[in-house]
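Visitor: after the sequence you'll find the predicted model.
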Amino acid sequence: MVLGFTMAFVISIGAGILMGSRRLAEGIFESYVLVGLTIPGLCWAVLAVMWFGITEMAPVFAIFVVVLPMLTLNMWQGTKSLDRDLIEMGRVFRASRRSMLRNVVLPQLLPFCLAGARLGFALGWKVVVLSEMFGLSSGVGYMINRSFASYSMDDVLAWTVGFTLVMFAFEYAVMLPIERRLVRWRPAVAL
Amino acid sequence: MRLDVRGVQKQFRRADGRALVVLDGLDFSIEPRGFVCFVGPSGAGKSTILNLLAGLLTPDGGAILADGRPFDPARHRIGYVFQKPRLLNWRTVRHNVEFALEAAGASRLERERRARDVLALVGLDQFADEYPLALSGGMQQRVAIARALAIEPDVLLMDEPFSHLDELTARAQRRELLRFRDKIEASVVFVTHNALEAVYLGDRVCVLSPRPSRIVAEFPIDAPRTRGPEDPALLALERDVLRALGVE
């Protein structure tokens, strides 16, 4: 999970920024991203098992392929929504590329990264569970499948709840603290 | 630094492909440490002039000279204050100023020292560790001015910096600008559509015609620096400027 997700995350940042800033890249990758989004995770999970067999590679591949289009779309749209005025300001003051990325560009892409990370993570876990159902002999997916096969609904629910708790833990222990620290500068919005 | 603009031409391409001639043979000079205000109607190319001096645009014709040599924006320090503050909202006030200093190549100690000094100059040293969105519009614009001054620019370009502020705040900011005007070594080009603001702040006011723009009038401002904004001499000058603009 971690491996597949991390790979997708890293590549999507580069690809998304590229697509957002260069029309050529946008033209080339757009159709791949959009098609990639629509192929159901289930299909990828099955294909992965067929290609990679019942190994660790199968879920990694499936996660990567499912999460990548979504994260790339996020970064792509984020890059297109960058504030041109700030970029012009950076150019006038002759900020280096490194300084521009660090101070001007990446902080604006951060909300997109966070949203993408949350969605991608949730999606990735679903793919993991699917993959496990098809191939592996351990893991949550396998256990749910087995419980289902033995008509043991209590077990199915138990595994589902347990899984959900893990997701909650991730959100509260990891994502929210990161987000809180990174958006200190924003005043509260009273609607 | 002395700036000479000779016969500068600039045009843009419109959506339908036709040329939009904004500047057609613009001539003016700024003496070292001069403060020149440009007044003109919308579309007269006021921002274009600033962008040419900032190096964001290159002239289609004519020349710009700095101290007699061809003006290469990359080799001079340019300070720019925009109409809106254009601050990095996710960085503190101090860091916003240091951003420009880092771009100008100052070392870390230099950056910290100069940022501190310039924020004290504009009266924002108490707010150095606040984030921009916690400040009022006038204060944010002051940070923008501090940022431009921090790098000790050769040329300070100001694009209607007070036009988005309410009148009371704008008056206070203009007074403040005059207060530390003597600490500014740069040649200042201040663009505005407000004739009274131009005669209040500048040493010289240049009036631009509508597109394609040329300078139709120049007024040296002799009033002393301690001028009040409604000084009768200034009001007379304002009338002259408005007349040159074709408004009075």
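Guide: Looks like it arrived, so ask away.

Visitor: chain A contacts on chain B?
Guide: Within chain B, the residues that sit near chain A (C-beta under 8 Å from any C-beta of the partner chain) are B:54-56, B:74, B:78, B:80, B:82, B:84, B:86, B:88-91, B:99-100, B:102-104, B:131-134, B:147, B:151. No exception for glycine: its C-beta is placed from N, CA and C like everyone else's.

Visitor: so which of these sit within helices?
Guide: B:54, B:99-100, B:102-103, B:147 (DSSP state H).

Visitor: from chain A, how far off is the spatially most central residue of chain B?
Guide: Nearest to the mean C-alpha position of chain B, by C-alpha atoms, centre = their mean, lies B:Met158 at 1.7 Å. Noted for B:Met158: a distance of 12 Å to chain A, by C-beta to the nearest C-beta, to the nearest Å.

Visitor: just the C-alphas of the strand or helix carrying that residue, formatted as PDB.
Guide: Per DSSP states H and E, B:Met158 falls inside strand B:155-159. The C-alpha coordinates for strand B:155-159 follow below in PDB (Å, rounded to 0.1, in the frame of the first residue of the first chain):
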ATOM      1  CA  VAL B 155      14.300  52.000  -9.500                       C
ATOM      2  CA  LEU B 156      11.100  51.900  -7.500                       C
ATOM      3  CA  LEU B 157       8.000  51.300  -9.500                       C
ATOM      4  CA  MET B 158       4.700  52.000  -8.000                       C
ATOM      5  CA  ASP B 159       1.500  51.100  -9.900                       C
END
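
Visitor: how about the helices of chain A, start to end?
Guide: Using DSSP H, helices in chain A cover A:2-21, A:23-38, A:41-52, A:57-80, A:84-92, A:97-99, A:106-134, A:140-149, A:153-170, A:176-182.

Visitor: quick one: distance of the shortest one to the chain centre.
Guide: Meaning helix A:97-99. In terms of C-alpha atoms, centre = their mean, to the nearest Å, the centre of helix A:97-99 is found 26 Å from the chain centre.

Visitor: now for it, which elements pack on it?
Guide: With contacts taken as 3 or more C-beta pairs under 8 Å, 6 or more residues apart in numbering or on different chains; DSSP states H and E, helix A:97-99 sits against helix B:93-103.

Visitor: so which bits of the helix it packs on are buried?
Guide: Buried residues in helix B:93-103, counting neighbours by 16 or more other C-beta atoms under 10 Å in any protein chain shown, are found at B:93-103.

Visitor: what's stretch A:87-101 in contact with?
Guide: Contacts to stretch A:87-101, defined as C-beta atoms under 8 Å, 6 or more residues apart in numbering or on different chains, come from residues A:103-105, B:54-56, B:74, B:78, B:80, B:82, B:86, B:99-100, B:102-104, B:147, B:151.

Visitor: same question for stretch A:178-189.
Guide: Stretch A:178-189 is contacted from outside by A:110, A:114, B:89-91, B:131-134, using C-beta under 8 Å, 6+ apart.

Visitor: pLDDT of it, averaged?
Guide: Mean pLDDT, computed over stretch A:178-189, is 76.

Visitor: how deep is residue 46 tucked in, by neighbour count?
Guide: Here I'm looking at chain A. When neighbours are counted by other C-beta atoms under 10 Å in any protein chain shown, A:Val46 registers 18.

Visitor: the chain in question should be chain B.
Guide: As a measure of burial, B:Lys46 has 23 neighbours, counting by other C-beta under 10 Å.

Visitor: before we move on, what about the one 3 residues further on?
Guide: The local packing count at B:Ile49 equals 27, with neighbours defined by other C-beta under 10 Å.

Visitor: skipping adjacent residues, who's closest to it in space?
Guide: Closest residue to B:Ile49 apart from its sequence neighbours, by C-beta to C-beta, 6 or more residues apart in numbering or on different chains: B:Phe38 at 6.5 Å.

Visitor: tell me the contacts of that neighbour?
Guide: Shown in contact with B:Phe38 (C-beta under 8 Å, 6+ apart): B:46, B:49, B:189-192, B:198, B:205-206, B:208.

Visitor: out of the contacts of stretch A:178-189, which is nearest to A:Pro40?
Guide: Nearest to A:Pro40 out of the contacts of stretch A:178-189 is A:Leu114 (C-beta to C-beta; 25.3 Å).

Visitor: from memory the closest one sits against A:Val174, does it?
Guide: No. Checked against C-beta atoms under 8 Å, the pair A:Leu114 and A:Val174 is beyond contact range at 11.1 Å.

Visitor: those two: which is more packed in?
Guide: A:Leu114 (17 against 12).

Visitor: about what we covered before: secondary structure element for the residue nearest to B:Ile49?
Guide: If you go by DSSP H and E, B:Phe38 is part of strand B:35-39.

Visitor: low-confidence ranges in chain A?
Guide: Where chain A drops to pLDDT under 70, the residues are A:1-9, A:13-25, A:27, A:134-141, A:188-191.

Visitor: would you mind measuring from the most centrally placed residue in chain A to A:Ser12?
Guide: Nearest to the mean C-alpha position of chain A, counting by C-alpha atoms, centre = their mean, stands A:Gly120 at 2.6 Å. To A:Ser12, A:Gly120 is 8 Å away according to C-beta to C-beta, to the nearest Å.
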